[in-house]
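Colleague: Below are the sequence and a predicted model for it; my questions follow.
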Amino acid sequence: MPRPRKIIVPKYLSDDQVASLEGKWIDESYMKHPVIDYNCDVYYIDDNGNEVLLLKFRKNSFTNQLLRTGWKSYKDLAKPSRGRGASAGPIDTTSIYWKKRNIVNTNKWSTGYLTPTGNKMKDDLMDLTIIQLQDKIKDLNIKVNDIDINYKDSLIYLIIKKQNGFSKMKVNNQVASNPIGYYEATKNFADLPCRLTHFTRTNYQKYKEGLPFIQQINNMFSKLIPDSYNKQLERANQKPHLKIPGTCFSTITINRNFRTALHKDAGDFKGGFGNLTVIERGKYHGGYTILPQFGVAVDVRSGDFLAMDVHQWHSNTPIIETKEDRLYNEKLDPVYNDNPEVGTVGLDKKYTRLTFVCYLREKISNCPNQIDKRYLEASDHKKIV
């Protein structure tokens with residue numbers, strides 16, 4: 001393996017400047033250095049003038065056999081999600097997914113929407129005159145300002161909101177992204193205990209068969225950043241029943257054709273590092289992992305390994321198919337049965353870019369030592385909770 005090059009970079013954007021870009025798309029104009037596509041260690045100068053490790057990148061870190069194992073085991077596990085927060089980018093009201101829905105209270109990367117009951121209310125209310133709607137506003141004792149009182153659409157949505165026709169939760173753009181492995185107790189939509197995630201339990205055999213691939217990610221982390229690795233391993237060993245075998249990880253997020261907007265990773269062990277690799281099929285350009293505050297971007301391709309400080313702001317540049325890429329990809333045999341009309345971002349493409357992000361959940365250490373075995377073993381497709 002060629003000797004890695006060392007790069008030292010300053011902060012090109014202040015902390016406030018880069019934070020103001022959260023949830024926005026970042027392109028190659030933020031790059032102050034040529035794209036990193038070679039073995040490289042990058043350090044930045046902190047506010048006290050110290051060199052701090054930002055990332056380590058190594059090319060061709062996996063055998064073809066391990067890549068085939070990872071592909072066969074995990075290619076189908078990046079399931080659609082509407083819960084990826086800022087990383088899913090600004091709500092795209094023109095997208096196939098959102099054009100089919102009536103969205104409300106949209107703000108940056110999150111939005112509410114009309115429930116089926118709310119949609120029915122809207123259809124019924126559209127038949128009323130503005131005078132009838134104003135009377136209904138009075139009957140329901142809804143407060144309305146002097147501007148909205150004269151607009152039919154505004155009155156309709158005020159009535160629907162009053163009658164509980166809005167969704168109770170806000171969601172993000174739908175992307176193909178899903179965690180496998182272990183998770184701490186959560187109360188987002190239901191009270192869930194510490195557990196193997198649902199898609200891990202229902203695809204348990206595939207999960208186990210792919211472990212040699214995940215263990216190589218662990219080996220690269222151990223080799224390149226031993227101090228952080230040992231810290232994370234010590235923490236992970238506090239709950240060995242919630243640790244992916246042969247690793248210091250609890251969890252792996254698998255993304256498919258998911259260009260992330262600017263975000264910081266949340267919920268992972270603060271003393272560790274993010275560990276990322278890619279398996280790809282077909283041809284594309286771009287999709288660089290970019291850290292705009294430091295002006296650097298890395299071209300992580302199939303079989304490469306990237307360890308990076310995921311608590312710094314990061315994103316992906318646009319993923320592009322050239323004309324030649326598209327002609328090549330059109331000739332590929334299909335391996336997925338996606339319906340593009342669903343509108344999950346990126347799944348209309350013929351190429352595949354699977355990214356694997358391996359980490360230790362910060363709060364997994366709060367889990368009990370004894371957990372109902374139903375939550376830690378293979379199961380059918382029925383949700384336990």
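Modeller: That came in fine, so what should we check first?
Colleague: Report how many residues lie close to Gly286.
Modeller: Gly286 sits with 17 neighbouring residues when counted by other C-beta atoms under 10 Å. (Glycine included, C-beta is placed from N, CA and C.)
Colleague: what is it paired to in the beta sheet?
Modeller: When assigned by DSSP bridges, Gly286 has beta-bridge partners Ile319.
Colleague: Could you check the pLDDT of it?
Modeller: Gly286 is assigned 98 on the pLDDT scale.
Colleague: That one is in contact with Asp325, isn't it?
Modeller: No: at 10.4 Å, Gly286 does not count as touching Asp325 under the criterion of C-beta atoms under 8 Å.
Colleague: do you know how far the closest residue to Leu53 other than its chain neighbours is from Lys59?
Modeller: Closest residue to Leu53 apart from its sequence neighbours, by C-beta to C-beta, 6 or more residues apart in numbering: Tyr43 at 5.7 Å. Tyr43 sits 19 Å away from Lys59, going by C-beta to C-beta, to the nearest Å.
Colleague: what pLDDT does Pro90 get?
Modeller: Taking Pro90 on its own, its pLDDT is 98.
Colleague: distance of it from Val144?
Modeller: Taking C-beta to C-beta, one finds Pro90 at 29 Å from Val144.
Colleague: Which residues are in contact with Leu354?
Modeller: Gly70, Trp71, Tyr74, Lys75, Ala78, Ile254, Asn255, Arg256, Val278, Ile279, Glu280 (C-beta atoms under 8 Å, 6 or more residues apart in numbering).
Colleague: residues near the second one, how many?
Modeller: By other C-beta under 10 Å, 18 other residues sit near Trp71.
Colleague: so it is in which element?
Modeller: helix 64-74 (DSSP states H and E).
Colleague: now the farthest one out in this structure, which residue is it?
Modeller: Distance to the chain centre peaks in the chain at Ile131, reaching 46.4 Å (criterion: C-alpha atoms, centre = their mean).
Colleague: what helix or strand is it on?
Modeller: helix 130-139.
Colleague: What of Ala297?
Modeller: Per DSSP H and E: strand 296-298 holds Ala297.
Colleague: Now do that strand: everything it contacts.
Modeller: 7, 9, 28, 30-33, 35-37, 40, 42, 54-55, 57, 288-291, 306, 308, 317.
Colleague: picking up where we left off before, show the average pLDDT along whichever helix or strand comes after the helix holding Trp71.
Modeller: Next in sequence after helix 64-74, counting helices and strands by DSSP H and E, comes strand 80-81. In this model, strand 80-81 carries a mean pLDDT of 96.
Colleague: what does stretch 349-364 give?
Modeller: Here the average pLDDT along stretch 349-364 is 97.
Colleague: which other residues reach the next helix or strand along the chain from the strand holding Ala297?
Modeller: Under the assignment DSSP H and E, the closest C-terminal helix or strand after strand 296-298 is strand 305-308. Outside strand 305-308, the residues that touch it by C-beta under 8 Å, 6+ apart are 54-58, 61-62, 217, 220-221, 224-225, 273-277, 289, 291, 298, 300, 314.
Colleague: Those residues in helices, which ones?
Modeller: Ile217, Met220, Phe221, Leu224 (DSSP state H).
Colleague: In contact with Gln238, which residues?
Modeller: Gln238 touches Ser365, counting by C-beta under 8 Å, 6+ apart.
Colleague: any idea of the pLDDT on it?
Modeller: 97.
Colleague: and it, which of the three is it?
Modeller: Here Gln238 is recorded as coil under DSSP: H, G, I helix; E, B strand; the rest coil.
Colleague: helices or strands next to the lowest-mean-pLDDT helix or strand in the chain in the packing?
Modeller: Across the helices and strands of the chain, mean confidence by mean pLDDT, DSSP states H and E is lowest for helix 198-201: a mean of 92. The helices and strands touching helix 198-201, judged by 3 or more C-beta pairs under 8 Å, 6 or more residues apart in numbering; DSSP states H and E, are strand 175-183.
Colleague: domain assignment for the chain?
Modeller: 5-90+174-376, 96-162 (automatic domain parsing).
Colleague: the helices in the stretch 101-250 of the chain, which residues?
Modeller: 116-125, 130-139, 152-162, 198-201, 204-209, 211-224, 226-236 (DSSP state H, counting those that start in this stretch).
Colleague: how about those, which one is nearest Lys108?
Modeller: helix 152-162 (19.6 Å; C-beta to C-beta).
Colleague: Okay, angle between that closest one and helix 130-139 too, please.
Modeller: Orientation note: helix 152-162 sits at an angle of 30 degrees relative to helix 130-139 (axes from the mean of the first three to the mean of the last three C-alpha atoms, to 10 degrees).
Colleague: Need the residues that contact helix 152-162.
Modeller: Under C-beta under 8 Å, 6+ apart, the answer for helix 152-162 is 104, 114, 118, 121-122, 125-126, 130, 133-134, 136-137, 140, 142, 144, 147-149, 166.
Colleague: any idea of the mean pLDDT in it?
Modeller: On average, helix 152-162 scores 95.
Colleague: Pull out the buried residues from it.
Modeller: Within helix 152-162, the residues that count as buried by 16 or more other C-beta atoms under 10 Å are Ser154, Leu155, Ile156, Tyr157, Leu158, Ile159, Ile160, Lys161.
Colleague: can you put the residues you listed in a markdown table and add distance to Thr247?
Modeller: Shown next, in a markdown table, are the buried residues of helix 152-162 (distance: C-beta to C-beta, whole Å):
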| residue | distance to Thr247 |
| --- | --- |
| Ser154 | 54 |
| Leu155 | 56 |
| Ile156 | 53 |
| Tyr157 | 49 |
| Leu158 | 52 |
| Ile159 | 54 |
| Ile160 | 49 |
| Lys161 | 47 |
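Colleague: What does the pLDDT read for Lys187?
Modeller: 81.
Colleague: That one and Pro193: what is the separation?
Modeller: On the measure of C-beta to C-beta, Lys187 and Pro193 end up 11 Å apart.
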